[in-house]
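> Need coordinates for the below:
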Amino acid sequence: MERPLRLALALALLCAGPLHAQAPQDAANSNVVDSHTFINGHPDLKWRRDAMAQYDAGRYEQALVLFQRAARYADKPSQAMVSEMYQTGQGVAADPVLAYVWIDLAAERGYPKLIARREALWTGLDEAQRKSAVAQGGALYREYGDPTARPRLLGELRRVTAQSTGSRLGQPGPMQVYVRGAQSEYPVGSGEQFYDPRYWGGDGYFEWQAQQDLALLDGGVTVGGLQPVRLEKMTPRRRGACLLTTSE
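Numbering: from 1, shown residues only. Sure, this is the predicted structure:
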C-alpha cells in the first residue's frame with residue numbers, strides 16, 4: 001500500500017455514507033440499515049460510527065477508546081484504525097509493536113489490504129520488536145480475536161432482538177419499526193425487514209459484515225457464500241494471532 005492505510009480507511013469510513021451504499025442488493029432495505037435504530041442495535045457499527053465522529057473532529061484520544069470498543073465486537077476496520085493510530089501516534093504514544101499486533105489481528109480474516117499492511121509493518125520492526133509483538137499478541141487475540149469477539153457480538157444482537165415487540169415466540173410479526181427524528185417518529189420498515197436474520201446473527205450476519213468490510217477497504221466487492229476456513233500453519237510471528245484463510 002503506497003499511502004498509509006489510516007488515510008484511506010478514514011476517508012472511506014467518513015465518506016462511505018449510508019451503509020447500503022456498499023451493498024446494492026440491500027437497496028430495498030436501505031431505510032433499515034441506514035437508520036440510527038439499526039446501527040445502535042449493532043455495537044460493532046455503533047462504536048465505529050461514534051469513533052469516526054470523534055476522529056473527524058480531531059478528538060483522537062476519545063476516538064481510540066471508541067475504536068477499541070468496536071474492536072471488541074469483531075469490527076475489523078476499527079481494529080485496523082487502532083493499529084494506524086498506534087503507528088502514527090494519534091491519540092496515543094506511537095508504538096510500532098502494538099501497531100503490528102493490532103494489524104495482525106485486523107488481518108485475521110485474510111482481507112488482502114490488511115494483510116499487505118501487516119506485512120509492511122512487520123518489515124519495519126527490528127528483531128527485539130518482533131519478539132515483543134509475538135509476546136504481546138496472544139493476550140490481545142484472546143480478547144479481540146474472532147473466537148471471542150464474534151460470540152460477544154452475537155450475544156448483544158440476541159439481546160436486542162429479544163426486546164422486539166412481536167409474538168412471545170420471538171417473531172416480529174407484522175409490526176412497523178419506527179425511529180424518532182428531530183420533529184417526529186417515522187417508520188423505517190416492517191418488523192420482517194428490520195429483523196431480517198442476516199442482519200442479526202449467525203453466518204448470515206458475518207457474511208454481510210464481511211461484504212461491508214471488503215467494500216469499505218476495496219471500494220466495492222461481490223461476496224459469495226461463506227467458505228470453509230483453515231488455520232494457517234503457525235510460524236513464530238503468528239503465535240499471537242493465527243491467520244484464518246479460506247481453504248484452497
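> can you list contacts of whichever strand or helix holds A63?
Take DSSP states H and E as the rule and A63 turns out to sit in helix 60-71. Identification of contacts with helix 60-71 by CB atoms under 8 Å, 6 or more residues apart in numbering yields 43-48, 50-52, 54-55, 78-79, 81-82, 85, 90-92, 105, 144, 149. Backbone N, C-alpha and C define where each C-beta goes, glycine included.
> C-alpha coordinates for it, PDB please?
Output of helix 60-71 as PDB, limited to C-alpha atoms (Å, rounded to 0.1, in the frame of the first residue of the first chain):
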ATOM      1  CA  TYR A  60      -8.100  11.300  18.800                       C
ATOM      2  CA  GLU A  61      -7.900  10.000  22.400                       C
ATOM      3  CA  GLN A  62     -11.700   9.600  22.500                       C
ATOM      4  CA  ALA A  63     -11.700   8.100  19.000                       C
ATOM      5  CA  LEU A  64      -9.100   5.500  20.000                       C
ATOM      6  CA  VAL A  65     -11.200   4.400  23.000                       C
ATOM      7  CA  LEU A  66     -14.300   4.000  20.900                       C
ATOM      8  CA  PHE A  67     -12.500   2.200  18.100                       C
ATOM      9  CA  GLN A  68     -11.300  -0.300  20.700                       C
ATOM     10  CA  ARG A  69     -14.900  -0.800  21.900                       C
ATOM     11  CA  ALA A  70     -15.900  -1.600  18.300                       C
ATOM     12  CA  ALA A  71     -12.900  -3.900  18.100                       C
END
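> In helices, which of the contacts of helix 60-71 fall?
Among the contacts of helix 60-71, DSSP state H puts 43-48, 50-52, 54-55, 78-79, 81-82, 85, 105, 144, 149 in helices.
> Would you indicate which residues of the helix holding A63 are buried?
Applying a neighbour-count criterion of 16 or more other CB atoms under 10 Å, one finds Y60, Q62, A63, L64, V65, L66, F67, Q68, R69, A70, A71 buried in helix 60-71.
> just the strands in the protein please.
With DSSP state E, the ranges of strands along the chain come out as 176-180, 185-190, 229-231, 244-246.
> quick one, helices of the protein?
Under DSSP H, the chain gives helices at 5-15, 30-33, 36-40, 43-56, 60-71, 76-88, 96-106, 112-123, 127-144, 146-162, 191-194, 202-218.
> Reformat those helices as JSON lines; add mean pLDDT.
Below are the helices of the chain laid out as JSON lines (pLDDT from 0 to 100):
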{"stretch": "helix 5-15", "mean pLDDT": "51"}
{"stretch": "helix 30-33", "mean pLDDT": "66"}
{"stretch": "helix 36-40", "mean pLDDT": "82"}
{"stretch": "helix 43-56", "mean pLDDT": "92"}
{"stretch": "helix 60-71", "mean pLDDT": "97"}
{"stretch": "helix 76-88", "mean pLDDT": "94"}
{"stretch": "helix 96-106", "mean pLDDT": "96"}
{"stretch": "helix 112-123", "mean pLDDT": "93"}
{"stretch": "helix 127-144", "mean pLDDT": "95"}
{"stretch": "helix 146-162", "mean pLDDT": "92"}
{"stretch": "helix 191-194", "mean pLDDT": "67"}
{"stretch": "helix 202-218", "mean pLDDT": "83"}
